[in-house]
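Chemist: I would like to see how this sequence folds:
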Amino acid sequence: MSFINISLIAPVLSCTLISITLQANAADFGTFEKPFSATSLWNSKPVAPVFDDFVIPTSKFFPAVQDGKYSTHCYLAKASDGPMIVKGTIGKKGIYDADAENFSEQITIPHWPSELLPAEGTDGHADIFDTTSGIIYSFWQLRKVDSVWRATHYGWMSMSGSGWGDPAHYHQGSRATGVASCAGIIRSFELHDGQDMYNHALAISLTDSALSHIPSYAYPATVSDGNTSMNTGLIPEGALLMLPPEFDTALLNTPELKKIANTLKVYGAYVVDKNYGTPYLIYAEIGSGLKMHKGIWDVRAAQELQNIRQSLRMVRSTSGWIDGNGKSFTPNKNLNILSMRGPWLPLNGKPVGKFVSVQQAVVFDQTETKVVQANYSPRSIPLIDWAKPEKGKRYTLKAVTTGGASLRFKIIDKETKKQVYDSRDLQNNESVTFEWPVDSFYPLLTVTSGVGGASSARGILLRAADK
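Modeler: The predicted structure is shown next:
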């Protein structure tokens, strides 16, 4: 199981969070207080949702709302915060970068909040919002060991982006679905903001009796927990769960649950990962104080949590969406499917360019001659279930290069081992549109550096409009 969260505790609220409480309600999108774009599904409302009839089963434990040691903390990094080196967990190959799909001995985070404390549970979650770069750094199993920060896994995503992965950059955080652990959680400053709901979709986890095996994930998720064979339910990770309009929140006597239920009727909650034995679990930020049982067993809250469980339904479809600014829009599923991750093999010249995740590009240092290198890995086009290239459909490849670099893309028929498409070398802003030739294929990428200075290359591969 990848990233699971199921117990309760309440560490002290960070002074960083206290300082922004008064400004939270008026925050712009893409900020620490209100991450992601106005058209992010986290910030958007579905119109006329159509519900599935599957009911989340009971399980070993009661449903829960959690702000404890298996939740997460959101930290604001300031420009004045210094850098920090993070190394891999002792006994591991290094820190795993799920985007690059390899291990690094260490990474450097440019701004590290001095008050940072990861979650105490085995997941060790912590997210850093770096406003100088607009990046959220998301860690799994982060620990300070003998004055050295160590982590098993990290990812990054844009503060102003969709809040979800895309087919090329499919794993952008420490949740099993590839999102940052702070995405969708109930933030500390929201708990007593005077609103009758949270103005965003919530983050929720399910156990194996509710989650589906095939498919294990659905749009907007791009990945799921790895051990899906134990799943016996019908809900994929990434699914949106909601309470139907007829659910009567007036019957809820627990104020905290009433606010959550109001949110579930309007925004819903996205399934971000799997837990052990809890029918559903809604995440709240560590230190928020959001507990249903407050030190004693609250029978009323437990029954109300069960009432919500019995009424929660997966959304099958909607007639539209309203974004965070109140405007109608259609979520964009036509996203880049071409990654520049390695491994890269030199064909001639040196030094070899390296994949830099935060640029989503292969970057070359200064070179005296052209350096040509190739990537034979099938992982340059991750086969995300809802974004696989389709034979007979038209696609457009655009090169984005600097310093005179170029990009070339070929498709090899997996059965015949013959080349069935060649884009030729593309310079910056050059593009080609072609019909995808085969269903079963190997991608082959080649990049060529510029000469005399630093250069870089990446590609954007999108489905073209039908003729």
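Chemist: Return the distance of the residue nearest to the spatial centre of the chain relative to residue 217.
Modeler: What sits nearest the mean C-alpha location of the chain, by Cα atoms, centre = their mean, is residue 179, with 1.8 Å. Distance, residue 179 to residue 217, by Cβ to Cβ, to the nearest Å: 11 Å. C-beta: built from backbone N, CA, C; applies to glycine.
Chemist: low-confidence ranges in this structure?
Modeler: 1-27, 293-297, 467 (pLDDT under 70).
Chemist: Enumerate every residue touching the nearest residue to residue 181 once chain neighbours are set aside.
Modeler: For residue 181, ignoring the flanking residues on the chain, the nearest one in space by Cβ to Cβ, 6 or more residues apart in numbering is residue 72 at 3.9 Å. By Cβ atoms under 8 Å, 6 or more residues apart in numbering, the residues touching residue 72 are 119, 125-127, 181-182, 185, 283, 285-286.
Chemist: Need the three-state assignment for residue 54.
Modeler: coil (DSSP: H, G, I helix; E, B strand; the rest coil).
Chemist: For the spatially closest residue to it that is not a sequence neighbour, list the residues it contacts.
Modeler: Nearest residue to residue 54, sequence neighbours excluded (Cβ to Cβ, 6+ apart): residue 234, at 4.5 Å. With contact set as Cβ under 8 Å, 6+ apart, residue 234 has these partners: 52, 54, 210, 212, 314.
Chemist: So residue 445 lies in a helix, does it not?
Modeler: No: assignment of residue 445 by three-state DSSP gives strand, placing it outside any helix.
Chemist: ok, it - how many residues close by?
Modeler: Using other Cβ atoms under 10 Å, residue 445 has 25 neighbouring residues.
Chemist: Now for the nearest residue to it once chain neighbours are set aside: which residues touch it?
Modeler: Take residue 445 and drop its neighbours on the chain: the residue closest to it by Cβ to Cβ, 6+ apart is residue 375, 4.3 Å away. Shown in contact with residue 375 (Cβ under 8 Å, 6+ apart): 340-345, 444-447.
Chemist: Residue 364: which of those residues is nearest?
Modeler: residue 447 (8.4 Å; Cβ to Cβ).
Chemist: Correct me if wrong: that closest one contacts residue 354.
Modeler: No: contact criterion Cβ atoms under 8 Å: residue 447 and residue 354 do not qualify, at 11.1 Å.
Chemist: any common contacting residues for the two?
Modeler: 344, 362.
Chemist: Sketch out the strands for the stretch 301-450 of the chain, chain order is fine.
Modeler: For the stretch 301-450 of the chain, the strands defined by DSSP state E, counting those that start in this stretch cover 313-317, 320-322, 328-329, 345-348, 354-356, 361-364, 372-375, 394-402, 406-413, 419-422, 431-435, 441-448.
Chemist: Tell me which of those sits most buried.
Modeler: With neighbours taken as mean count of other Cβ atoms under 10 Å, those reach their highest mean count in strand 361-364, at a mean of 24.
Chemist: Parallel or antiparallel, list what pairs with that one.
Modeler: The pairing partners recorded for strand 361-364 under DSSP bridges are strand 354-356 (antiparallel), strand 455-463 (antiparallel).
Chemist: Name the residues that touch it?
Modeler: With Cβ under 8 Å, 6+ apart, strand 361-364 has contacts from 340, 344, 351, 353-356, 371, 373, 400, 403, 405, 447, 449-450, 454-458.
Chemist: before we move on, what about stretch 136-143?
Modeler: 3, 35, 86, 89, 109, 118, 122-130, 149-159, 172-175, 180-182.
Chemist: let's go with 7 Å and repeat that
Modeler: 3, 35, 89, 109, 118, 123-130, 149-157, 159, 173-174, 180-181 (Cβ atoms under 7 Å, 6 or more residues apart in numbering).
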